[in-house]
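K.L.:
Please work out how this folds:
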Amino acid sequence: MAEEDLKRLIESSAAETRKQFESLDKKIDAVAGSLDKKIDAVAGSLDQKIDAVAESLDKKIDAVAGSLDKKIDAVAGSLDQKIEAVAGSLGGKIDETHRHIDVVAERLEGKIQFLGESVADVKAKLVLKADRDEMQHGFAETQAMIKLSYSDLDRRIRSLEGTVSGLESRIERLEGSNRPS
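P.N.:
A predicted model of the protein is given here:
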């Protein structure tokens, strides 16, 4: 084979390899763009879901707080009536009864405060769990997409490397056969 034929073969192989690399670059750019869009969509979805959960929990907490306020008011009203009845009928035992009611009210306030703190803790844990679940789901989807894309790219690169290796072997053989002995 003449030197001119060898040059044409090398140029043809180089042009084909450039085309394949350009095609691979375009495909990589397309995959990257697609992943960016999907990540943005997942982030938007997570924001909406977090907002919805937070709003729902706020409504539930407000409802519980309203119910507790009514119950506290009812208990306080009932206690006031009992105090008046005891004061009227027992006279001398009013102070003792009053002290007892104060103790009960303090315990109730402590329990109500504890309940309020517990509700706030549960809300925070639910929001955190929802956030974690959504993020883990999003991460799993993203990792699956990346793994699939990486696998495809790795297969293509290995194919190109094999092609280049074969071309290099052919060039070496051609150069070896054209050398004067």
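K.L.:
burial of Asp47, as a residue count?
P.N.:
By other C-beta atoms under 10 Å, the residues close to Asp47 number 11. Where C-beta positions appear, they are placed from N, C-alpha and C, glycine not excepted.
K.L.:
likewise Glu106?
P.N.:
10.
K.L.:
now swap in Ala14 and tell me
P.N.:
Using other C-beta under 10 Å, Ala14 is surrounded by 11 other residues.
K.L.:
what sits against it?
P.N.:
Ala14 sits next to no residue when contact means C-beta atoms under 8 Å, 6 or more residues apart in numbering.
K.L.:
after the helix or strand harbouring it comes which helix or strand?
P.N.:
Taking DSSP states H and E as the criterion, Ala14 maps to helix 3-90. Next in sequence after helix 3-90, counting helices and strands by DSSP H and E, comes helix 94-178.
K.L.:
what inclination does that next one have with respect to helix 3-90?
P.N.:
Per axes from the mean of the first three to the mean of the last three C-alpha atoms, to 10 degrees, the angle that helix 94-178 makes with helix 3-90 is 180 degrees.
K.L.:
where's Ile171 relative to Lys82, distance?
P.N.:
105 Å (C-beta to C-beta, to the nearest Å).
K.L.:
for the residue positioned nearest the centre of the chain, what are its contacts?
P.N.:
Nearest to the mean C-alpha position of the chain, counting by C-alpha atoms, centre = their mean, stands Met135 at 1.3 Å. Applying C-beta under 8 Å, 6+ apart, we find Met135 in contact with Leu46.
K.L.:
Retrieve the pLDDT associated with it.
P.N.:
pLDDT, Met135: 89.
K.L.:
ditto for Lys93
P.N.:
69.
K.L.:
Glu175 too?
P.N.:
Glu175 is assigned 84 on the pLDDT scale.
K.L.:
do the same with Ser159
P.N.:
Looking at Ser159, its pLDDT is 92.
K.L.:
give me the number of residues near it?
P.N.:
Applying other C-beta under 10 Å, we find 11 residues neighbouring Ser159.
K.L.:
Return the distance of it relative to Gln20.
P.N.:
9 Å.
K.L.:
got it, and Leu46?
P.N.:
Counting by C-beta to C-beta, the gap from Leu46 to Gln20 is 39 Å.
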